[in-house]
Structure formats: structure tokens, C-alpha cells
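>>> Sequence first, predicted model second:
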Amino acid sequence: MSNQVKVKFRRSAALAVAAGITVIGAIPLLAESVWFLLVLLIPLAVAIWAWRAGTDVDERGFTVRALLGRRTVPWNAVDGLVIDGGRVQARLANGHLVLLDAVRAADVPRLIKAGGQPLGADRPAGEDDSDASDDGESAPQPAGQRAQ
């Protein structure tokens, strides 16, 4: 297994550029008062968040990055993926949901392929599907509801 990230999901770079332009445009406020430095911190934080936040996927698992931290989850801790509107969440074995930042519903096939995880017809013959039980767990979630 390689240590290299196969796929990175990020927000549009236009968001970081817009926040950067806002920072530059707000610099003249500093001539009025040093207290306007606080006004600069908001678009600066948005620019850093837009540049940094996202989801990195490889064969071992995925890493969700935020403004100040990150969380790495191995694939063996993931029970499934939940699509709630346009958002994609990973349902963990302990029942918690982890939002996969910057991953859209249309990106799910790329996410699964990058993770090297078989899905549907790609699964080897005879492999048990733990989500295929008759208890209704694999039923699609209605819009606006989260898996329990």
C-alpha cells in the first residue's frame, strides 16, 4: 500500500480567491483604526478554510480536513455512505455520521474507486454484504433524515 493520497475533494478555489480579495479590499480600513484588524480576520479565516477544508481518500481510509483540525477514519470503521440531499456522510460502525466535506453525491463513485472498496456488482462472488439484511438498514433514507 502506498502512503500517497489518491483523490482530494476540495471546495471551489473561487471561494478562497473571493475571500483573499476581500482581505485586500479591507486593508485600507486599518488606516482608520487598528481595531479594524478584527474585520480582516473573518475573510482571512474563510480563505484559509476554503483552501484547507476537504476530504482526502486513499486505500487505507479517508481524512476529513477542517480549518483547525483533521480526522482520519480507516475503511474498516465505515459501515456505509449516506447521501442526504447533496451532502455525503460516512456511517461509522459505532453509528456516528462523519460529514465528508466537499464530497457531493455525484462524487461517490470516484470516492469508492479511490478507496479501493468494492461496491455492488464489483464485489467478489460469495462475499457477504452486511448491509443486505432484512432489518431495513439498507433502505434509502428519506430526504432530511439521518441514519440512526
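Looks like it came in fine. Numbering: from 1, shown residues only.

>>> all strands for the protein, in order.
For the chain, the strands defined by DSSP state E cover 7-10, 54-57, 61-65, 70-74, 78-84, 87-92, 97-104.

>>> winner for burial among those strands?
strand 54-57 (a mean of 21; mean count of other CB atoms under 10 Å). (Glycine included, C-beta is placed from N, CA and C.)

>>> which residues are contacting that one?
5-11, 62-65, 100-103, 111, 114-115 (CB atoms under 8 Å, 6 or more residues apart in numbering).

>>> CA-only coordinates of the lengthiest helix in the chain, as PDB, when you get a sec.
Looking across the chain with DSSP state H, the single longest helix is helix 37-52. Extracted C-alpha coordinates of helix 37-52, given in PDB (Å, rounded to 0.1, in the frame of the first residue of the first chain):
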ATOM      1  CA  LEU A  37      -7.800  44.400  12.100                       C
ATOM      2  CA  LEU A  38     -10.600  42.200  13.500                       C
ATOM      3  CA  VAL A  39     -12.600  42.800  10.300                       C
ATOM      4  CA  LEU A  40      -9.700  41.400   8.300                       C
ATOM      5  CA  LEU A  41      -9.700  38.200  10.400                       C
ATOM      6  CA  ILE A  42     -13.100  37.000   9.200                       C
ATOM      7  CA  PRO A  43     -12.300  36.800   5.400                       C
ATOM      8  CA  LEU A  44      -8.800  35.600   6.200                       C
ATOM      9  CA  ALA A  45     -10.300  32.700   8.200                       C
ATOM     10  CA  VAL A  46     -12.700  32.000   5.300                       C
ATOM     11  CA  ALA A  47      -9.800  32.000   2.800                       C
ATOM     12  CA  ILE A  48      -7.800  29.500   4.900                       C
ATOM     13  CA  TRP A  49     -10.800  27.300   5.500                       C
ATOM     14  CA  ALA A  50     -11.600  27.200   1.700                       C
ATOM     15  CA  TRP A  51      -8.000  26.400   0.900                       C
ATOM     16  CA  ARG A  52      -7.600  23.700   3.500                       C
END
